[in-house]
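> Quick one: sequence plus predicted model below, questions after.
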Amino acid sequence: MNLNQIKQFEKIVIQCHDNPDADSLACAYAISEYLKLSQRSTEIVYSGFAPISKSNLIMMMDELKIKTRFIPKNNVSIDYSQEPETLLLVVDGQYGAGNVKKLPATEVGMIDHHILEMPLVKYNDIRPFLGSCSTLVWLLLKNCEFDFDKYNNVSTALYYGLYTDTGGLTEITHPLDKDLRDSIKFDKSLIKKLKNCNLTLEDLNLASKSLMNGQVDPTTRSAVFYTAPCDPNMLGFVSDLALEVDTIDSCVVFCEVSGGIKLSVRSCVKEIMANELAAYLCKDGGSGGGHNDKAGGFISADFISRSGLSPLVFLTSRYNRYFNHYDLIYSGIYKPDISVYEQYEKLKIPIGFAQTIDIFPEGVEMIVRMLEGDAHIISDKNTYLMVGLKEEIYPIKREKFEQSYLVLSGEYTPNLNFLPEYHYKPTVKNTREGHIENIEKYIRPCVNCGEVKIYAKQLSKNTKVFTPWNNEGYMCGNPGDWLAFRSDDINDIYIIQNSIFNLVYRKI
């Protein structure tokens, strides 16, 4: 979807989901301000059991001058289908869903970051892999060359929408969320005020009740806590407190929300990355992700109901299975039995590489931002970045690169057949100056020279591999993926996704 498409309508009614949060309000406000530049008539509406009363939302609307109209649940007199040249645009929700009052309308649009649960309409953009709808609206405005520097209120609203929907930025799931966080200029003093009026005495009472009723497993040093329906930030608050307990290494706190359950995940040990645990808990029924130590997610009510279990039993059982789910392999300690591996060679398929010193001067710490997460690397003449068929990025030392690859002439061109529908182009950030570079212009083509082989075997069980280049995290492999190591270095062990392996490697 392109926001310019909806400029054909004289009036655009922007509907938040019922009982809107900061993310929904921010999206509606940002789109409204953009459309006003084209002299379009806009109105922000929402429904629910009562008008907005949460202190941080009231402050947000007052300070940013966000005007809204409340439509009670039982109001049946609103009918936008009778208004010509009018579009009803639902943001942070889907038309006809359980948490969106269905208002009659002839032309309907949807912009959302939740799993698709309703039929698509003519104008839509649904991206459930994003941590907030504010990220999607920011991207759509950016594609329309909206000048965020001139509209600080819009920037502040979108930043706060991202902040609240990702547990204070701890549950960010996608590089685009990080790009919004890092690039937008916002009113820091207002954000500080909003952060400090987020909890009420009722919230503190809710947190204490939740912590008193948790289920702690001393064997796995894990815990699950349930709270009554609350603001997503409360989940993070409770999970942070729980992780302070000396017998808890990881925990999950959840509450029931419209359409499913919202959860917050925490970990303080390297064997459990919170983002990976969140993704596991939400697999097939929602989405989850974040940082190594703090993450979050959502699981749909329909998915849970099909299991025949209550949300608490469903989540607890998945959490318990997680601990028996993985083998752990530590580079430098693991001694592979070569007799159960087979040898493979890499096909001569052009891929890409970049020298880190071409991007930033030697010695600069850089963050390589990619779909798989952020990697911290020091720019060095002996450190290169490889760019695979799906534009996945991984570091390689110059010596190993020269043993394994031949540099090609000409320009690097990604193979579009291997790239996903919503492709994120990796970026590199200078941590010293905050400058962000698009890595694409530094990539040069290369091809495997066939000199170095690998040993590999297909995994039958989920596996975590602690690689030589990332001591604080791990690579995850699922059954069907491949565990591999270089024939000239058994310590250089890693995971190769099955979808990539079959395209790139051939058995010797």
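It's in.

> so where is the stretch 1-150 of the chain shaky, pLDDT-wise?
Flagging of the stretch 1-150 of the chain using pLDDT under 70 yields an empty set of residue ranges.

> how about the strands of it, start to end?
11-15, 41-46, 69-70, 86-91, 107-112, 123-126 (DSSP state E, counting those that start in this stretch).

> quick check: angle from the fourth one to strand 41-46?
Between the direction of strand 86-91 and that of strand 41-46, the angle (axes from the mean of the first three to the mean of the last three C-alpha atoms, to 10 degrees) works out to 50 degrees.

> what packs against strand 86-91?
For strand 86-91, the elements it packs on are strand 11-15, helix 22-36, strand 107-112, judged by 3 or more C-beta pairs under 8 Å, 6 or more residues apart in numbering; DSSP states H and E. Heads up, the C-betas are built off the backbone N, CA and C, glycines and all.

> Pairing partners for the first one, with directions?
Right, strand 11-15. If you go by DSSP bridges, strand 11-15 pairs up with strand 41-46 (parallel), strand 86-91 (parallel).

> wait, A242 sits on G214?
Yes - here A242 lies in contact with G214, judged by C-beta atoms under 8 Å, at a distance of 6.9 Å.

> higher neighbour count, those two?
Regarding A242 and G214, a neighbour count based on other C-beta atoms under 10 Å identifies A242 as having more, with 23 against 17.

> hang on, that one is in a strand, isn't it?
No - per DSSP: H, G, I helix; E, B strand; the rest coil, A242 lies outside any strand segment and is helix.

> L201 is nearest to which of the helices and strands packed on strand 86-91?
Relative to L201, the nearest member of the helices and strands packed on strand 86-91 by C-beta to C-beta is helix 22-36, separated by 20.6 Å.

> now the angle between strand 11-15 and the closest one, please.
Per the same axes, to 10 degrees, the angle that helix 22-36 makes with strand 11-15 is 170 degrees.

> can you list the domain ranges for this protein.
By the assignment in automatic domain parsing, the chain contains the domains 3-195, 201-324, 325-347+450-508, 349-442.

> Spit out the residues that contact A242 and G214 alike.
With contacts defined as C-beta atoms under 8 Å, 6 or more residues apart in numbering, the residues adjacent to both A242 and G214 are 223, 225, 251.

> just checking, what packs against the one helix or strand the first one maps to?
Counting by DSSP states H and E, the secondary-structure element that holds A223 is strand 222-226. On a contact count with 3+ C-beta pairs under 8 Å, 6+ apart, strand 222-226 meets helix 201-212, strand 215-217, helix 232-243, strand 250-257, helix 311-323.

> I304: neighbour count?
The number of residues packed near I304 is 20, by other C-beta under 10 Å.

> what's the spacing between the helix or strand bottoming out on mean pLDDT in the chain and its chain's center?
Within the chain, confidence by mean pLDDT, DSSP states H and E is lowest for strand 286-290 among all helices and strands, at a mean of 78. Centroid displacement of strand 286-290 relative to its chain, using C-alpha atoms, centre = their mean, to the nearest Å, is 6 Å.

> what sits up against it?
Residues lying outside strand 286-290 but in contact with it, judged by C-beta under 8 Å, 6+ apart, are 115, 128-129, 131, 166-167, 170-174, 260, 263, 265, 274-275, 278-282, 295-300, 303.

> can you do 7 Å?
For strand 286-290, the surrounding residues in contact (C-beta atoms under 7 Å, 6 or more residues apart in numbering) are 115, 128-129, 170-173, 260, 274-275, 278-279, 281-282, 295-300, 303.

> Selecting buried members of those residues in ChimeraX, what would you type?
Buried residues within the contacts of strand 286-290, by 16 or more other C-beta atoms under 10 Å, are selected in ChimeraX with:
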select :115,129,170,171,172,173,260,274,275,278,279,281,282,295,296,297,298,299,300,303
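
> So which of the contacts of strand 286-290 sit within helices?
Assigned to helices by DSSP state H, the following of the contacts of strand 286-290 qualify: 274-275, 278-279, 281-282, 303.

> Quick one: the residues you listed as CSV, columns for pLDDT and distance to N196 too.
Compiled in CSV, those are given as follows (pLDDT from 0 to 100; distance: C-beta to C-beta, whole Å):
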residue, pLDDT, distance to N196
A274, 88, 25
N275, 82, 27
A278, 90, 27
A279, 85, 32
L281, 93, 31
C282, 91, 31
F303, 94, 36
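
> and the residues you listed as a markdown table, adding distance to F70?
Shown next, in a markdown table, are the ones in helices among the contacts of strand 286-290 (distance: C-beta to C-beta, whole Å):
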| residue | distance to F70 |
| --- | --- |
| A274 | 37 |
| N275 | 37 |
| A278 | 34 |
| A279 | 37 |
| L281 | 35 |
| C282 | 32 |
| F303 | 32 |
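
> beta partners of R506?
Note on R506: beta-bridge partners by DSSP bridges are E345.

> Excluding covalently adjacent residues, which one is nearest to the spatially most central residue of the chain?
For the chain, T173 is the residue whose C-alpha lies nearest the centre (C-alpha atoms, centre = their mean; 1.5 Å). Of all residues not flanking T173 in the chain, G289 sits nearest, at 3.2 Å (C-beta to C-beta, 6 or more residues apart in numbering).

> Any idea what the one you found is bridged to?
Here G289 sits in beta bridges with G296, going by DSSP bridges.

> What is the burial count for it?
As a burial measure, G289 scores 23 neighbours (other C-beta under 10 Å).

> Out of the strands of the stretch 1-150 of the chain, which gets nearest to N2?
Taking C-beta to C-beta as the measure, the strands of the stretch 1-150 of the chain were each checked against N2, and strand 123-126 came out nearest at 8.8 Å.

> list the helices and strands that closest one packs on?
Taking 3 or more C-beta pairs under 7 Å, 6 or more residues apart in numbering; DSSP states H and E as the contact definition, the neighbouring helices and strands of strand 123-126 are strand 107-112.

> Go through the strand it packs on and flag the buried ones.
In strand 107-112, the ones that count as buried by 16+ other C-beta under 10 Å are 107-112.

> so what strands line up beside that strand?
Sheet pairing of strand 107-112 (DSSP bridges) gives strand 86-91 (parallel), strand 123-126 (parallel).

> Which of these has the highest mean neighbour count?
Relative to the other members of the strands paired with strand 107-112, strand 86-91 carries the highest mean neighbour count by mean count of other C-beta atoms under 10 Å, namely a mean of 26.

> Give me the nearest residue to N99, chain neighbours excluded.
Excluding its sequence neighbours, the residue lying closest to N99 (C-beta to C-beta, 6+ apart) is S258, at 3.5 Å.

> Count the neighbours of that neighbour for me.
Residues lying near S258 (other C-beta under 10 Å) number 15.

> now swap in N415 and tell me
Using other C-beta under 10 Å, N415 is surrounded by 13 other residues.

> Nearest spatial neighbour of it, chain-adjacent residues omitted?
L389 (6.0 Å).

> And for L35?
When the adjacent residues along the chain are set aside, L35 lies closest to T42, with 5.2 Å between them (C-beta to C-beta, 6+ apart).

> Likewise for I52?
I52 sits nearest to I58 (C-beta to C-beta, 6+ apart), 6.4 Å away.
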